[in-house]
Every structure is written in C-alpha cells, then in structure tokens.
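Colleague: Need coordinates for the following:
(chains A and B)
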Amino acid sequence: MLYAYAVTDDPGPEGGAPLPRSGILPELGVERIRESGVAVIASPVPAGLLDAEAIAERINDPEWARERVLAHQAVVTALLGTAAVLPLKFGTLFSGTAALRATIETRRTALAEALDQVRGAREWGVQLFVRQPPQAAPHAAAGRAGPGAGAAFFQRKREARAAEQAAAAALDRLAADSHARLARRARAAVMNRPQPAAVHRRPGEMVLNGAYLVAEQDEAAWREDLAALEREAPETGADYALTGPWAPYNFTGGALGAGAGGGVGSG
Amino acid sequence: MAVAEPPRTSGDVALADLLDRALGKGLVLWGEAVISVAGVDLVYVGLKVLVASTDTAERMRRAGTSDPTRSVALRDG
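Modeller: The predicted structure follows:
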C-alpha cells in the first residue's frame, strides 16, 4: 500500500528538495513518485501496518490518531516553499503504485490547474470572535402604563425577539463584511462553518471561520487589511485570530475528486 | 520562501484548525472504483467518524495539551 501526503510540482528526474525522513508512521520512509507531470509524495506501507485490522485496533486511541494527523501535517509542511503543494486529505491510501499512477494520470489536467492556482501563494486562516452575551431585551416597557399587564408582557416578548434578531443580523453583517474585505486581495477565499465553542475554547462566539489564499507579493497588503479590521475592533467588539501559513487545504480544487464530500467540522 | 511570523493563536486552536483542514478539507484523489479496489476506505471513513465525534476531538485535544512541545511543533505548521 501507499500512503499519500500531497501532490506537488514535478521537480524533474534529478531535482527535488530533500524529503522528510519519516512519514505517517515513524518507521516509514517518504518518497516522490513522478507521474503525468506532477509528483506525489507518499510512503510505502508494508502489509499489516495500516490495513483494516490494524486501523480497527487503533481507531479508539485518540493519541495514536492524533499523532498520525500530526505526522501527515509534518510531511506536508516540510514540502511548503519547495514547490507548489496540494495537500491530500488525511488518510489517503492506495493499494499500490499502479493504482496511484492511474489515479494521477486520469486527473492530470485538473491537477496541473490546481497546482497553478496555489503556486506562489499561501493559505491563511482568520477567525472572528465576538464577546457578546445575547442581550436580554430592554425592559423599558415594564413600568409603562398600558392597556394591561398581559399586553405589556407580549410587547416585551416582541421587543426581546426583535432585539435578538437585530443582534444576530449585526453579527452576520460583521462576519460578511470582514470576509469580503479579507477576500479582496486574496486569490481565493472560503467561509467555513464557525467552530462550536467546545472546539475553539475561546471566550466569545466564533462568527467567521475564513480561509484565504494570498499570493506572497500581496501578503503585506493583505495583512494590512486585517490590521485595519483589528483597529476597528474596539467599536465592533470583535477579536480576529490569524493562523497560518497553512498548506492550501482549502484550495485544492474541489472538482478533482469523484469522492469529494462534505467536510468534518467545517463547511 | 521565508516562513512568516508565528501565528497569534494557541496550540489548541491550531490543532482544531488542523483537524478541520486535514480531515475536512484537502485534495480527494480517489474515485469510487479506487475505494472499492483498494479496500482501505476504513482508514479514511474510520478516522472521519472518529474526529467527527466531539467527544473524541476533545480527548485528542487533551492528549495534545499534555505535552506542550507538540503544540509548539504544530504551530510551526
């Protein structure tokens, strides 16, 4: 079997930056397989190491799974800056070199286009957190003399609902506006589903979970756009978190895979 | 290309973001035929289910915070 990490530019028969020594498992080497004008970075996996039985035994061990994700990421990260890189989804296994080569060959045009899209650019993540406890409605109507206590009660309920809706709409606008301004200088941009509080574990609510593919020559200006948003933050009560640079996981060309489905924890 | 200044986030947030990316995104190369022929879809499907579970993600994060050097390594990504 072959565990594949990424598709990159083909450095040619002689070229290519040195590859990491170890792969998805510490004992596995990493090699470059050239096919159809691109290169696949992969580890040969001896039988029994990552087959169904082996996985079934370890699947409930989060530490093991986590180490595998980190190992995948370490290989992908080592490739960044040496060539255009399309990171593969974690867990991409092929039955062997023949299956891998056939897969690449049938997708070579789309792969070349996807590599062109990410060449010379890096992915950044921006998350927007808002510390705003959902405000209860103003109780101004409480003391007002009116047609009756019942009517006043329902009036307060209506006002509370209206206030909640207005607050939610304001957050949506803030997220959309922030995303639009960050997307302006980006080569491509995506809005992913915000992480729930149990995942991000930061104060406040995540209202934007964006990813931005930014050409290196535009990075300084893009960072300035982010800084401008942050300068406005005291007024908007917003907290922007920047992560990256990432391998362009969000910009690998969604139409490539016949099996490209929905994401886990992101949309 | 030069590595940019470190991100301004904690390792925990970066791990959650990595899981979002490496498991939820990334290039999907295989077609249906490859899945059935290779017979290794359990690796992907199994781990997808694993991390889709909030409880498991939480345990993975706890495992991650037990050794701060690993969070540092992760941030470099």
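
Colleague: distance between the helix or strand containing A:Ala99 and the chain's centre?
Modeller: Secondary structure assignment for A:Ala99, by DSSP states H and E: helix A:97-106. Taking the mean of its C-alpha atoms, helix A:97-106 sits 27 Å from the chain's own mean (C-alpha atoms, centre = their mean, to the nearest Å).

Colleague: If you count contacts, what does it end up packed against?
Modeller: When contacts are defined as 3 or more C-beta pairs under 8 Å, 6 or more residues apart in numbering or on different chains; DSSP states H and E, helix A:97-106 packs onto strand A:2-9, strand A:31-35, strand A:38-44, helix B:32-38. For every residue, glycine as well, the C-beta is placed using N, CA and C.

Colleague: just flag whichever of those has the lowest average confidence.
Modeller: Lowest mean pLDDT of the helices and strands packed on helix A:97-106: helix B:32-38, a mean of 33.

Colleague: mind exporting the helix holding A:Ala99 as PDB, just the C-alpha atoms?
Modeller: Output of helix A:97-106 as PDB, limited to C-alpha atoms (Å, rounded to 0.1, in the frame of the first residue of the first chain):
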ATOM      1  CA  THR A  97       1.900   2.300  -7.200                       C
ATOM      2  CA  ALA A  98      -0.200   1.200 -10.100                       C
ATOM      3  CA  ALA A  99      -3.500   2.400  -8.600                       C
ATOM      4  CA  LEU A 100      -1.800   5.700  -7.600                       C
ATOM      5  CA  ARG A 101      -0.300   6.300 -11.100                       C
ATOM      6  CA  ALA A 102      -3.600   5.500 -12.800                       C
ATOM      7  CA  THR A 103      -5.500   7.900 -10.500                       C
ATOM      8  CA  ILE A 104      -3.000  10.700 -11.200                       C
ATOM      9  CA  GLU A 105      -3.000  10.000 -14.900                       C
ATOM     10  CA  THR A 106      -6.700  10.400 -15.200                       C
END
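
Colleague: now that helix and strand A:31-35, what's the angle there?
Modeller: Between helix A:97-106 and strand A:31-35, the angle comes out at 50 degrees (axes from the mean of the first three to the mean of the last three C-alpha atoms, to 10 degrees).

Colleague: Show the average pLDDT along the lengthiest helix in chain B.
Modeller: Assignment by DSSP state H gives helix B:11-24 as the longest helix of chain B. Averaged across helix B:11-24, pLDDT comes to 74.

Colleague: before we move on, what about stretch A:174-183?
Modeller: For stretch A:174-183, the mean per-residue pLDDT is 96.

Colleague: Then stretch A:151-171?
Modeller: Across stretch A:151-171, pLDDT averages out at 91.

Colleague: And the next helix or strand past the helix or strand of chain A with the lowest mean pLDDT?
Modeller: Every helix and strand of chain A was ranked by mean pLDDT, DSSP states H and E. The lowest is helix A:52-58, at a mean of 71. Proceeding N to C from helix A:52-58, the next assigned helix or strand is helix A:62-79, under DSSP H and E.

Colleague: That following helix vs strand A:38-44, what angle?
Modeller: Put simply, helix A:62-79 runs at 150 degrees to strand A:38-44, going by the same axes, to 10 degrees.

Colleague: Do I have it right that B:Leu19 meets A:Val69?
Modeller: Yes. If you go by C-beta atoms under 8 Å, B:Leu19 and A:Val69 touch, sitting 6.6 Å apart.

Colleague: Return the list of helices and strands in contact with the longest helix of chain B.
Modeller: Contact here means 3+ C-beta pairs under 8 Å, 6+ apart; on that basis helix B:11-24 packs against helix A:62-79, helix A:197-200, strand A:238-246, helix B:41-52, helix B:54-65, helix B:68-75.

Colleague: Can you identify the element that follows the longest one toward the C-terminus?
Modeller: As assigned by DSSP H and E, the chain's next helix or strand after helix A:62-79 is strand A:85-87.

Colleague: Figure out how far that following strand is from the centre of its chain.
Modeller: Computed by C-alpha atoms, centre = their mean, the chain-centroid distance of strand A:85-87 equals 13 Å.

Colleague: Break chain A down into its domains, please.
Modeller: Using automatic domain parsing, the domain parsing of chain A gives A:2-119, A:122-250.

Colleague: could those domains go into a markdown table alongside mean neighbour count?
Modeller: As requested, those are exported to a markdown table (neighbours: other C-beta atoms under 10 Å in any protein chain shown):
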| stretch | mean neighbour count |
| --- | --- |
| domain A:2-119 | 19 |
| domain A:122-250 | 16 |
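
Colleague: Looking at the ones you listed, which is nearest to B:Leu27?
Modeller: domain A:2-119 (4.8 Å; C-beta to C-beta).

Colleague: How far does that closest one stretch from one end to the other?
Modeller: One end of domain A:2-119 sits 26 Å from the other (C-alpha to C-alpha, to the nearest Å).

Colleague: can you give me the offset of that domain from its chain's centre?
Modeller: 18 Å.

Colleague: same check, this time on stretch A:236-255
Modeller: Taking C-alpha atoms, centre = their mean, one finds stretch A:236-255 lying 6 Å from the centre of the chain it belongs to.
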